[in-house]
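Student: any chance you could fold what I've pasted below:
(chains A and B)
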Amino acid sequence: MNEKNEQKKVGIVAYLSLIFAIVFFSGFFAKAAGWLGVLDFTVLNGDYGKIIGEGGKSFTFRGTGGYGAKDGFLFALNLIPTVMFALAVVSVVEYLGALDAARQLLTPLLRPLLGIPGSTGLALIASLQSTDAGAGMTKLLYDEKEITNDERTIFAAFQFTAGGTITNYFATGAALFALSAADGSMAVTVPLIVPFVVIMIFKVFGANLMRFYLKAASKKQ
Amino acid sequence: MEIKEKKMITDVFVDGARKGWNIGISSVMPNVMMAFVIIHALKITGILDILGKVFGPVMAVFGLPGEAATVLMGAWLSMGGGVGVAVSLFTQGVIDGAQVAILTPAIFLMGAQIQYAGRLLGAAEVESRHYGILFGICILNAFLSMFVMRFFV
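Tutor: Predicted coordinates for the structure are as follows:
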């Protein structure tokens, strides 16, 4: 693996940006009065203005009663700011080193948690950003005898369920949090980070299923 | 990994937003449009009703209508597809916001399996005899996650 990257210093800014990211997407300050709202994704994501129509009813630019491809187009358009804003924030916290901090915290946990060596930390973080990067680095780890064949299979199980997690979730998934109910309120009231945490837990769970399966299979032989 | 050059934080934000625009236009929008067309077609042909009835008993376990099975089918092909179908069913009033939340982790946990079999398992040279169990784990994860999400909505 790349030695320089392994030893890259993780400073206080990196840890702070990781904490910021967690707080920002957790919805913790979503209902906070005053300036604390600045620490919340949905507050800063804002809302569309309303168009007053017939009978004083208010509508967004999508209107009502649309269907098919045309409605799909306008509806998708209404999701795009959320996707742009979510990825912009993710880019900033990544730039500030949030993922390096996460790697630092995770490395000693990988053996007990997943049964794979700490040297896979960099590949693990990369796999959360890009499925292809994770795949390439996993092959390299095996070729360089950093991991055994069984460890590669366990690591693949971790990566295969919800691959490219951060990028896919905060790009495509963020759109789901842009949905609004008929009265204009947010339809999905669960904070953005909750399904993300559930996904991460199941990734670990899935890898452990593979781990036990391989153990059981080797005992049989 | 590329060497990071010093950039203004505002430039990083704008680059990220641009990435979001590109994904939004090249992935979210076509997927949502396709899903709207497919769901509308399934609706006017009455197939959506049939799917709702067939999958009703299974999906009810997770607090979802039978039609929600189409979200999982869409997700299996591509994550964007799953999101698109969920959005479409939501706008049709078939599922509500809480049900979208229940489906959210599942869309990713069993998402894009066909693509990733090649791009991940193939590229990392995982033994093909394990493919079956790897697919099984993802689908199991997706179903279990819907149970878990019921506690949060």
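
Student: where does chain A dip in pLDDT?
Tutor: The model of chain A has pLDDT under 70 over residues A:1-8.

Student: need the outlier residue of it, farthest from its centre.
Tutor: The outermost residue of chain A, judged by C-alpha distance from the chain's mean C-alpha position using CA atoms, centre = their mean, is residue A:55 at 42.5 Å.

Student: pull up the gap between that residue and chain B, please.
Tutor: 21 Å (CB to the nearest CB, to the nearest Å). C-beta coordinates here come from the backbone N, C-alpha and C atoms, glycine included.

Student: what do you get for residue A:16?
Tutor: Residue A:16 sits 13 Å away from chain B, going by CB to the nearest CB.

Student: check contacts around that residue.
Tutor: For residue A:16, the contacting residues are residue A:96, taking CB atoms under 8 Å, 6 or more residues apart in numbering or on different chains as the criterion.

Student: any idea which element it lies in?
Tutor: helix A:12-26 (DSSP states H and E).

Student: quick one: buried residues of the helix or strand following that helix?
Tutor: For helix A:12-26, the following helix or strand on the C-terminal side (DSSP H and E) is helix A:41-45. By neighbour count, with 16 or more other CB atoms under 10 Å in any protein chain shown as the criterion, the buried positions of helix A:41-45 are A:41-43, A:45.

Student: sort out which residues of the helix holding residue A:16 are buried, please.
Tutor: Residues A:14-15, A:17-18, A:20-22, A:24-26 are the ones in helix A:12-26 that count as buried (16+ other CB under 10 Å).

Student: what's the answer for stretch A:37-57, then?
Tutor: Neighbour count says stretch A:37-57 has A:39-43, A:45 buried, by 16+ other CB under 10 Å.

Student: for chain B, give me the ranges with low pLDDT.
Tutor: Low-confidence segments of chain B, defined by pLDDT under 70, span residues B:1-5.

Student: now the helices for it?
Tutor: If DSSP state H is used as the criterion, the helices of chain B fall at B:9-23, B:29-44, B:47-60, B:69-77, B:79-91, B:97-109, B:113-116, B:131-149.

Student: strands of chain A, start to end?
Tutor: With DSSP state E as the definition, chain A shows strands at residue ranges A:51-52, A:58-59.

Student: wait, which of these is closest to residue A:217?
Tutor: strand A:58-59 (59.1 Å; CB to CB).

Student: can the closest one be said to contact chain B?
Tutor: No: no part of strand A:58-59 sits near chain B under the criterion CB under 8 Å from any CB of the partner chain; the closest distance found is 14.0 Å.

Student: tell me the strands beside that strand, with direction?
Tutor: Counting by DSSP bridges, the strands paired with strand A:58-59 are strand A:51-52 (antiparallel).

Student: next, count neighbours for residue B:67.
Tutor: Each residue near residue B:67 was counted by other CB atoms under 10 Å in any protein chain shown, and the total is 24.

Student: let me fix that, I meant to ask about residue A:165.
Tutor: If you count neighbours by other CB under 10 Å, residue A:165 ends up with 23.

Student: what residues does the closest residue to residue A:43 other than its chain neighbours make contact with?
Tutor: Excluding its sequence neighbours, the residue lying closest to residue A:43 (CB to CB, 6 or more residues apart in numbering or on different chains) is residue A:37, at 3.9 Å. With contact taken as CB under 8 Å, 6+ apart, residue A:37 is in contact with A:29-30, A:43-44.

Student: list just the nearest of those to chain B.
Tutor: Distance to chain B across the contacts of residue A:37 (CB to the nearest CB) is lowest for residue A:44, with 11.8 Å.

Student: so what's that closest one up against?
Tutor: When the contact criterion is CB under 8 Å, 6+ apart, the partners of residue A:44 are A:37-38, A:85.

Student: so how far is residue A:198 from the closest residue to residue B:146 other than its chain neighbours?
Tutor: Nearest in space to residue B:146, with sequence neighbours left out and distances taken as CB to CB, 6+ apart, is residue B:62 at 4.1 Å. Counting by CB to CB, to the nearest Å, the gap between residue B:62 and residue A:198 amounts to 14 Å.

Student: looking at the two, which has the bigger crowd around it?
Tutor: Neighbour count, other CB under 10 Å: between residue B:62 and residue A:198, residue A:198 has more, with 25 against 18.

Student: give the contact list for residue B:43.
Tutor: By CB under 8 Å, 6+ apart, residue B:43 lies in contact with residue B:92.

Student: now stretch A:109-124: buried residues?
Tutor: Under the neighbour-count criterion of 16+ other CB under 10 Å, stretch A:109-124 has A:110, A:114-117, A:120-124 buried.

Student: so residue B:67 is in contact with residue B:48, correct?
Tutor: Yes: using CB atoms under 8 Å as the test, residue B:67 is close enough to residue B:48 to be in contact (5.8 Å).
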